[in-house]
Each structure stands twice: as structure tokens, then as C-alpha cells.
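Trainee: After the sequence you'll find the predicted model.
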Amino acid sequence: NAFYYVGHIINKSNCTDPDHWGAIAENGKVDGDFVYENDTKTTLLAYIGKDKEVTIPSGVTSIGNGAFIYCTSFTSVTIPNSVTAIGDEAFFYCTSLTSVTIPEGVTRIGPYAFANLTALEEITLPSTLETIDYGAFLGCINLKKVNGIEYVKFINRSAFQGCALTGTLNLKSAVAIGDSAFAEYGYYNANGELVYSRNAFEKLILSESCKSVGAFAFSDNKTLTTLNIKSDFLKLGQYAFDGCEKLASVAINAAVIPTGTFNECKALSDVTIGKDVSVISEYAFRNTNVSSFKLAEGNTSFVSCDGGKYLTNKDGSEIALVAPTTREFTLNNSAITTVGLGAFSSSMHLTGVTIPSVTVVRDFGFSECEALKNVNLGSLTEIGAYAFENTAIDSFEFRGEVTIGDYAFSRSAIKSITIGDGLT
């Protein structure tokens, strides 16, 4: 039970961070292969042995920050039922561990606790677990199965980013899911090549308890076909489901459908806009296969027109959203004076638009309509930021005084501009 000198700690351990173990040796209490915070032996600071199979002693209640960091050779660990807390980076980069069972009583897994366990294939979580902190299983590129995830309430940023989860992901108890929680992860392999690891679950269930889904939370899942959102009201982050290219159907109820929510969901054709949706941002459905939108009963912010091929605002003066498969859009309706925020920004195949009554194009109105060349609008008085960004328009006429936002024609094909008589 005496303090060991630093050299002994480093030589005995199978771990690879001498500075870390030196600090532990100076401040901890050593007993066999374990270093504790003090004589009570309830807080484990470090493992310094060389065993392939490690059993943490009963009585330990807390696995401290970095306790097993860079222990690359041990293949299994038994965590006793006395443990209730797992600290930051506790098992970070333990690249030979293949499975982990976390006992009942643990309520939180700390940041990066099991990150970069590249051999890990399966974990079992306890029913008491409430929070998985940021990056907890980041980069576990072979992690296919998580038992007990249905108990977890809070899944923080990048918690399972770059894992390989399969089957059905049932987030039965989840209240909040952080940014990039299940997103893809880029890393360099042994040959120095940049490769990407992605989750591969086919079905995702968000229960009634779910209130928040962060930006890029489920992006780039190439196998997701079924999204079951049971929550009556959901707060979404930007690009939450970006690149889920096999997702075919979704019903979404959120006050705001933010930028790029379903961008590049190429198979998506069946979309129901929920009763509480009042804002649909740019690129929300870009490069999807939606030819018409369904509008839930009770929605008072939008009006469905022409069988759902486009939506207007409540009073019918502004085009709010146009179906992404639209190639030509012609509308002779004098009541329509405005192209709303990102209204056509999901229509990357649009080649021509004729709406003679329109005098205002809001921000991102036609942004990223890469094929759009022919535009016949009214005498515009306002052109928002990025309104015609990255279009094929090669000429434009300003017929009267107009306010033009930042980057309104950025990356467009503009070659000539005509300025009306009397304008300078």
C-alpha cells in the first residue's frame, strides 16, 4: 500500500502514456495492479498491470478520468456492480476490448469514456443509465450492437458517431439527442487513407418522450429506411437526417424544419408536414424525390396548393415550399407577390419559373437551383441574400429600384445585366 516510484509504474503497465502514469503515481495509492485515490479504494485512478483479462475489484464505486487510457493490450474487463460512475476518457483508446458490460447503478458515462475502441463489437448498458456524454463511443468503428440503449434519456454530441450499429435503433426513453450523435466519422487508416465509418441501422424509433434532435444527429446513414417519430412536437437541428439516402417516408411535426433537415435523402417521396410546422428553411428537402407534400390537418401556417405541389403562407401571398421534383413552375396568380425563404431551394432540377406577379424574392429563394436558367418574375423590389446563388441564369434585368442582399447571384452563370431606364 505504499506509493510506488514513477519508473516502476511505467515499466509495469501495459499502457502507453508515461506522463499520465507519472502523475497518477505521485498522487495515488497503489495496491497490486491498481492505483486508487486513497485508502478507501473506492475511486480507481489507474490500472498498471499487463493482464489480458482485467477484473476491477469489488468495492470500487468510481472509475476515474483516464483510468485505463491507452491500455491497448487487454481484451476484456469486468466491472463490478459497486461501480456507479465512469469518468472522462476512462477506457479511451483501449483498442483490443471487444465487449463491455456496464453494471446496474451507473447513471452517467463520461465524455470519450469508450472512444476509439476499434475492436469493440457489443456493449450492454444498465437500466439505470440516464446520460451518455459527448463522444463516449466516438470512433468505435466496429460497434454493431448496443443492448439497453432504450433506457437512456440524454445522448450527447458525437456519442455514437462513426459506429456501425445495425438493426433497429429504439430510442424509447430519449429526451434529447445531441449534434452528430449517430453521424458518420472520418479517420485515417493504417495506410494513411481517409475513410469513413457509418452507422447502418435500418429503422429508427423516436418515442413520445423525445423533444430535441441535434444538428447532423443521424446524417449519412446509408441504410436507414424507416423513421418512426412518435413525438407530438420535436425541435430539430440543421441537417439532422442529411444524406439518409434510402429513407422513403416521414411525418414530421416541429415548429421549424431547419436548414437541410432531409437534404440528399434521395429516396424520400412521402412527406407529411405536421400541424405545428410554421417555418420550413432552405434546402430542407433538397435532392429528394418528393413530387407533392401532405399537410396535416390543423396546420394553420400553410395552404396546400395544386395537390400539394406547392405550399403558400396562410393568406396566399407567398410561396413557402415547392416540391423538389418540379422542373417547370408557372403560376398566373396576382395574389402571389413573394417567393419565400428557400421556397425553391430544394428544387435542384428546376429549369424555368414564371410568376409575373412576384416582386420580392426572400433569402435563398432559388439558391442551389443548379439547372435554373429561365426566370420570368415581376419588377423586383427586393432580392434576398443568396437568392439566386449557384443557378444557371446568365442574364438578368432590373426594371426598377431594388434592394439586393449579400451573395444574391454568387456562383451563378450571370454574363449580362440590364438596368432599366432611369436607374443608376
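Mentor: Perfect, thanks for sending it.
Trainee: ok, the closest residue to T118 other than its chain neighbours - contacts?
Mentor: With sequence-adjacent residues excluded and distances taken as C-beta to C-beta, 6 or more residues apart in numbering, T118 is closest to T95, at 5.0 Å. For every residue, glycine as well, the C-beta is placed using N, CA and C. For T95, the residues meeting the contact criterion (C-beta atoms under 8 Å, 6 or more residues apart in numbering) are T72, N116, L117, T118, A119.
Trainee: Can you give me the buried ones in stretch 206-222?
Mentor: Buried residues in stretch 206-222, counting neighbours by 16 or more other C-beta atoms under 10 Å, are found at 206-207, 210, 212-221.
Trainee: quick one: which of these sit in helices?
Mentor: Counting by DSSP state H, no part of these is found in helices.
Trainee: Report the two of those residues separated the most.
Mentor: Pairwise distances among those were taken by C-beta to C-beta; the largest, 23.3 Å, belongs to S207 and D220.
Trainee: Who wins on neighbours among the contacts of T95?
Mentor: Of all the contacts of T95, L117 has the most neighbours under the rule other C-beta atoms under 10 Å, reaching 26 neighbours.
Trainee: which element is it on?
Mentor: Remark: L117 resides in no helix or strand, with elements defined by DSSP states H and E.
Trainee: Test my guess that it contacts E89.
Mentor: No: taking contacts as C-beta atoms under 8 Å, L117 lies outside contact range of E89: 11.6 Å.
Trainee: Filter the buried residues of stretch 206-222 down to the ones in strands?
Mentor: When DSSP state E defines the strands, the subset of the buried residues of stretch 206-222 inside them is L206, S212, V213.
Trainee: Could you provide the residues you listed in JSON lines, with additional columns for pLDDT and distance to G420?
Mentor: Compiled in JSON lines, those are given as follows (pLDDT from 0 to 100; distance: C-beta to C-beta, whole Å):
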{"residue": "L206", "pLDDT": "96", "distance to G420": "52"}
{"residue": "S212", "pLDDT": "97", "distance to G420": "49"}
{"residue": "V213", "pLDDT": "98", "distance to G420": "47"}
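Trainee: Just give the number of residues close to K415.
Mentor: K415: 9 surrounding residues under other C-beta under 10 Å.
Trainee: correct me, but it touches F396?
Mentor: No: checked against C-beta under 8 Å, the pair K415 and F396 is beyond contact range at 9.7 Å.
Trainee: how about the strands in the stretch 201-350 of the chain?
Mentor: When secondary structure is read from DSSP state E, counting those that start in this stretch, the stretch 201-350 of the chain shows strands at 212-213, 226-229, 235-236, 249-252, 256-257, 270-273, 279-280, 294-295, 302-305, 310-313, 318-322, 328-330, 338-339.
Trainee: What pairs with the last one, parallel or antiparallel?
Mentor: When you say that, I think you mean strand 338-339. Its sheet considered, strand 338-339 pairs with strand 318-322 (parallel), strand 360-361 (parallel) by DSSP bridges.
Trainee: just the second one next, same as before
Mentor: Strand 226-229 pairs in its sheet with strand 200-206 (parallel), by DSSP bridges.
Trainee: and what of the fifth one?
Mentor: Strand partners for strand 256-257, identified by DSSP bridges, are recorded as strand 279-280 (parallel).
Trainee: repeat for the first one
Mentor: Here strand 212-213 has these sheet partners by DSSP bridges: strand 176-177 (parallel), strand 235-236 (parallel).
Trainee: Tell me which of those strands sits most buried.
Mentor: Here the criterion is mean neighbour count by mean count of other C-beta atoms under 10 Å, and of the strands paired with strand 212-213 the winner is strand 176-177, at a mean of 22.
Trainee: mean confidence for that strand?
Mentor: In this model, strand 176-177 has a mean pLDDT of 98.
Trainee: cool, stretch 91-111 as well?
Mentor: Confidence for stretch 91-111, expressed as mean pLDDT, is 96.
Trainee: Repeat that for stretch 250-270.
Mentor: Stretch 250-270 comes out with an average pLDDT of 97.
Trainee: cool, stretch 400-419 as well?
Mentor: The pLDDT scores in stretch 400-419 average 93.
Trainee: got the end-to-end distance for that stretch?
Mentor: The distance separating the two terminal residues of stretch 400-419, taken as C-alpha to C-alpha, to the nearest Å, comes to 8 Å.
Trainee: Which positions within it qualify as buried?
Mentor: By neighbour count, and taking 16+ other C-beta under 10 Å as the criterion, the buried residues in stretch 400-419 are V402, I404, Y407, A408, F409, S412.
Trainee: and what of stretch 38-46?
Mentor: Across stretch 38-46, burial judged by 16+ other C-beta under 10 Å covers K41, T43, L44, L45, A46.
Trainee: List the contacts of the second one.
Mentor: Counting by C-beta under 8 Å, 6+ apart, T43 makes contact with Y36, E37, V60, T61, S62, G64.
Trainee: Please flag which of those residues sit within strands.
Mentor: Using DSSP E, the members of the contacts of T43 that fall in strands are Y36, S62.
Trainee: I383: which of the contacts of T43 is nearest?
Mentor: Nearest to I383 among the contacts of T43, with distances taken as C-beta to C-beta, is G64, at 58.3 Å.
Trainee: burial measure for V322, as a count.
Mentor: Other residues near V322 come to 28 when the count uses other C-beta under 10 Å.
Trainee: Across the sheet, point out what pairs with it.
Mentor: Under the criterion used (DSSP bridges), V322 bridges to Y310.
Trainee: Nearest spatial neighbour of T168, chain-adjacent residues omitted?
Mentor: The shortest distance from T168 to any residue that is not its chain neighbour, by C-beta to C-beta, 6+ apart, is 4.3 Å, and that residue is K203.
Trainee: tell me the contacts of that neighbour?
Mentor: With contacts defined as C-beta under 8 Å, 6+ apart, K203 is in contact with G167, T168, L169, L224, T225, T226, L227, N228.
Trainee: Swap in 7 Å and give it another go.
Mentor: K203 is in contact with T168, L169, T226, counting by C-beta atoms under 7 Å, 6 or more residues apart in numbering.
Trainee: With L171 as the reference, measure out to it.
Mentor: Using C-beta to C-beta, to the nearest Å, one gets 11 Å for the distance from K203 to L171.
Trainee: all helices of the stretch 151-300 of the chain, in order?
Mentor: With DSSP state H, counting those that start in this stretch, there are no helices along the stretch 151-300 of the chain.
Trainee: Ok, the stretch 1-150 of the chain next?
Mentor: Taking DSSP H, counting those that start in this stretch as the test, the helices found in the stretch 1-150 of the chain are 6-12, 18-27.
Trainee: Out of those helices, which gets the lowest mean score?
Mentor: Sorting these by mean pLDDT places helix 6-12 lowest, at a mean of 39.
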